[in-house]
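Engineer: using only what follows, build the 3D model:
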Amino acid sequence: MKNIHLPIIVAVLFLSGWHAVVRMSGSDIFPTPWEVVLGLAELIQKGVLLKYIVASLFRVTWGFLLAILIGVPFGLLLGWYRPLAAAFNPMIQIFRPISPIAWIPVAILWFGITDVSPIFLIFLASVFPITVSSMAAVQNMQPVYVRAARNFGLNNRQLFQKVIFPACLPQILTGLRIALGIAWLVVVAAEMIAVNSGLGYLIIDARNAGKRYDLVVAGMVMIGLIGLILDIAVRRLEKFDEVRWGYANKD
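Structural biologist: I've put the predicted structure just below:
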């Protein structure tokens, strides 16, 4: 991996600064990096860490996949059929700014303290960015693609399958990347309130159980690392030939 030494240097400087600030402050509550490592080791030894990571990823996976299955086709239709966009866009713009966190009481009322509640919240957090990015991708598509396809006699189904979707895929992937980051944020917040497992629950439970801030920060570290891995995974999709053409090449 190119320039791996630069992130390592930044990480070392950050951890050194963190350790120095904690020591100089004389705090016996906020942990040092090494204490966080020991906290992670404790969670691994108890078999809790993997269990909570799997629970969080399970909820994000289902909520995010449902958002893709609904948001991408619906966004493409809205972008292609202007009367449909005129009908639905105002409602989308009303619901889109509402924080998914505001839906937590409603989710608990409808689904109770179950996995369905955070999945529903993740779906809400993801579906609007995905829909809007898919719609914008169609609207920003070069008209020459459509004219060329029409000249070759493609029908509407073939046009969507062979021209519109491939042309929109780079911008759709950008929307998916943004939506996935939002989904990961929301699942952590939802798990602090709506369920009794997952990394969000780990943080709030560690704070309540004797103020174990080493475990609190350990949970935060795992959230950040998994978020980084998820972002890298989505960016890997941009390397495929079907998508790469839509991005500017920068050396």
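Engineer: any idea of the pLDDT on residue 155?
Structural biologist: Here the pLDDT value assigned to residue 155 is 69.
Engineer: just residue 250 next, same as before
Structural biologist: The model's pLDDT for residue 250 equals 46.
Engineer: what is the burial count for residue 81?
Structural biologist: 13 (other CB atoms under 10 Å). Quick note: C-beta positions are derived from backbone N, CA and C, even for glycine.
Engineer: and residue 34, what does it touch?
Structural biologist: residue 19 (CB atoms under 8 Å, 6 or more residues apart in numbering).
Engineer: swap that for residue 186, please
Structural biologist: 100-101, 118, 121-122, 125 are the contacts of residue 186 under CB under 8 Å, 6+ apart.
Engineer: so which helix or strand takes in it?
Structural biologist: Using DSSP states H and E, residue 186 maps to helix 165-191.
Engineer: after that helix, next one along is what?
Structural biologist: Following helix 165-191 toward the C-terminus (DSSP H and E): helix 199-208.
Engineer: please identify the buried residues of that next one?
Structural biologist: 199-206 (16 or more other CB atoms under 10 Å).
Engineer: from those, pick the one nearest residue 173.
Structural biologist: residue 199 (25.7 Å; CB to CB).
Engineer: could the contacts of residue 186 go into CSV alongside secondary structure, pLDDT and distance to residue 142?
Structural biologist: Compiled in CSV, the contacts of residue 186 are given as follows (DSSP: H, G, I helix; E, B strand; the rest coil; pLDDT from 0 to 100; distance: CB to CB, whole Å):
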residue, secondary structure, pLDDT, distance to residue 142
100, helix, 86, 34
101, helix, 85, 39
118, helix, 88, 40
121, helix, 91, 37
122, helix, 92, 33
125, helix, 91, 31
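Engineer: can you put the residues you listed in a markdown table and add distance to residue 231 and neighbour count?
Structural biologist: Below are those laid out as a markdown table (distance: CB to CB, whole Å; neighbours: other CB atoms under 10 Å):
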| residue | distance to residue 231 | neighbour count |
| --- | --- | --- |
| 100 | 19 | 24 |
| 101 | 21 | 15 |
| 118 | 20 | 33 |
| 121 | 20 | 29 |
| 122 | 16 | 29 |
| 125 | 16 | 28 |
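Engineer: report the central residue of this protein.
Structural biologist: Per CA atoms, centre = their mean, the C-alpha nearest to the average position across the chain is that of residue 180, at 1.8 Å.
Engineer: low pLDDT regions in the chain?
Structural biologist: 1-3, 145, 149-150, 152, 155-156, 194, 210, 238-251 (pLDDT under 70).
Engineer: please enumerate the strands of it.
Structural biologist: Using DSSP state E, no strands are found in the chain.
Engineer: ok, which stretches of it are helices?
Structural biologist: 5-25, 33-46, 49-80, 82-95, 104-111, 116-139, 143-151, 156-159, 165-191, 199-208, 213-237, 241-244 (DSSP state H).
Engineer: what sits up against the fourth one?
Structural biologist: It stands for helix 82-95. 77-79, 128, 131-132, 135.
Engineer: export that helix to PDB, keeping only CA atoms.
Structural biologist: Taking Å, rounded to 0.1, in the frame of the first residue of the first chain, the C-alpha atoms of helix 82-95 are listed here in PDB:
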ATOM      1  CA  ARG A  82     -39.500  13.800 -14.300                       C
ATOM      2  CA  PRO A  83     -43.300  13.700 -13.300                       C
ATOM      3  CA  LEU A  84     -42.500  11.000 -10.800                       C
ATOM      4  CA  ALA A  85     -39.700  13.100  -9.300                       C
ATOM      5  CA  ALA A  86     -42.000  16.100  -9.200                       C
ATOM      6  CA  ALA A  87     -44.500  14.000  -7.200                       C
ATOM      7  CA  PHE A  88     -42.200  12.400  -4.700                       C
ATOM      8  CA  ASN A  89     -39.200  14.800  -4.300                       C
ATOM      9  CA  PRO A  90     -41.000  17.200  -1.900                       C
ATOM     10  CA  MET A  91     -41.900  14.300   0.400                       C
ATOM     11  CA  ILE A  92     -38.300  13.000   0.200                       C
ATOM     12  CA  GLN A  93     -36.900  16.400   1.100                       C
ATOM     13  CA  ILE A  94     -39.300  16.600   4.100                       C
ATOM     14  CA  PHE A  95     -38.200  13.300   5.500                       C
END
